[in-house]
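Enquirer: sequence and predicted structure below; questions after.
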Amino acid sequence: MATYKKLLHSGDNVSELTNNSNYLTSVPNHSASLVTSGTLSTSRIPNISASKITSGTLPVSRGGTGSTSASGARTNLGLGTSSSVTFTNITAYADATIDGALNIEGDANLNSEMNVSGGSISEYYRKVDWQWSCNWYTRYGYYYYPNTTYGVNNQDWSTGSSNAKTSWTASHVPPFVVPYDFKIKECYLRGFSTSSQTFELILKKGTPNWNNSSASTTIANITSGSALETVSCTLYRKNEIGSSSLNVSVSKGDILVPQLRRTTNTTSASYSYFRGVFSIVGEKKI
């Protein structure tokens, strides 16, 4: 005679399991095709080889590329749309070898050697900058510039004229002599004013004859407009006047003459000062 055993149900008394051969305490294995509903716990999910995944696209958020093509993958990963990969920032903490052209648009900081084999570096620029502390005078609507005897080394930039300077005499110390060819990328005056005024900043350049010449040097604005910027300033509040969108080439031996004036209270003989730091930032080709 066949012997049948009972399945243990949730309502049965667990104590009846003890030495009771009438209950079936384990569930036999069944074909996976019979599992048509329900949720498998994480521990019940079998390991599947990646080779078994033959369809679908794994998104970037899941560690994939979100694409089935190389160009689409590059786009989704922010590497450009062609075989010329583009990086916004790249840092190499060990040796890096590049077979082909490397174009860098922006700053490149090298903490060790760069070796070029079988090619050349067409263009490489490094940042250059200068800055001077100053107590810049203004009154009337006059243009003031660094002291013509002591230059920018005297903190009082106190020499003025009723009109913007258009030439620089041979007997005056030039404020800044360009030490080598470079491009001016930005120029700023940052600080505060001792009274509420509107200030106008200009920067002019000229090319002197340094061969025992007594001739004055013609100077002209480095920008198409007359001023780098005109800014209304409240007394004793931090302000900046200038531009960061310059691209002006200057050559070794050129002179630069910054000039500042106030465009308000132009009939007043009272001095107002702008105290701060004047800076020039550029790029030098290596």
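Expert: Okay, I see it.
Enquirer: what residues are bridge-paired with residue 231?
Expert: residue 199 (DSSP bridges).
Enquirer: from residue 147, how far out is residue 160?
Expert: Applying CB to CB, to the nearest Å, the value for residue 160 to residue 147 is 11 Å. Every residue, glycine included, has its C-beta placed from N, CA and C.
Enquirer: show me where the stretch 101-250 of the chain has strands.
Expert: Here the stretch 101-250 of the chain has its strands, by DSSP state E, counting those that start in this stretch, at 125-138, 143-145, 156-157, 159-161, 167-168, 176-177, 182-193, 197-206, 217-221, 229-233, 239-243, 248-250.
Enquirer: pull out the buried positions in stretch 224-236.
Expert: Of the residues in stretch 224-236, 227, 228, 229, 231, 233 count as buried by neighbour count, 16 or more other CB atoms under 10 Å.
Enquirer: residue contacts, residue 172?
Expert: 148, 149 (CB atoms under 8 Å, 6 or more residues apart in numbering).
Enquirer: let's see that with 10 Å instead.
Expert: 145, 146, 147, 148, 149, 151, 159, 165, 216, 217, 255, 257 (CB atoms under 10 Å, 6 or more residues apart in numbering).
Enquirer: end to end, how far does stretch 60-73 reach?
Expert: 9 Å (CA to CA, to the nearest Å).
Enquirer: turn the strands of the stretch 101-250 of the chain into a markdown table, including mean pLDDT and distance to residue 67.
Expert: Converted to a markdown table, the strands of the stretch 101-250 of the chain look like this (pLDDT from 0 to 100; distance: least, CB to CB, whole Å):
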| stretch | mean pLDDT | distance to residue 67 |
| --- | --- | --- |
| strand 125-138 | 95 | 36 |
| strand 143-145 | 98 | 60 |
| strand 156-157 | 96 | 60 |
| strand 159-161 | 95 | 65 |
| strand 167-168 | 97 | 62 |
| strand 176-177 | 98 | 54 |
| strand 182-193 | 98 | 39 |
| strand 197-206 | 98 | 50 |
| strand 217-221 | 97 | 52 |
| strand 229-233 | 97 | 46 |
| strand 239-243 | 97 | 43 |
| strand 248-250 | 96 | 44 |
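Enquirer: out of those strands, which one sits most buried?
Expert: Neighbour counts (mean count of other CB atoms under 10 Å) averaged over each of the strands of the stretch 101-250 of the chain peak at strand 143-145, with a mean of 23.
Enquirer: that one - contacts with which helices or strands?
Expert: strand 125-138, strand 156-157, strand 159-161, strand 197-206, strand 255-262 (3 or more CB pairs under 10 Å, 6 or more residues apart in numbering; DSSP states H and E).
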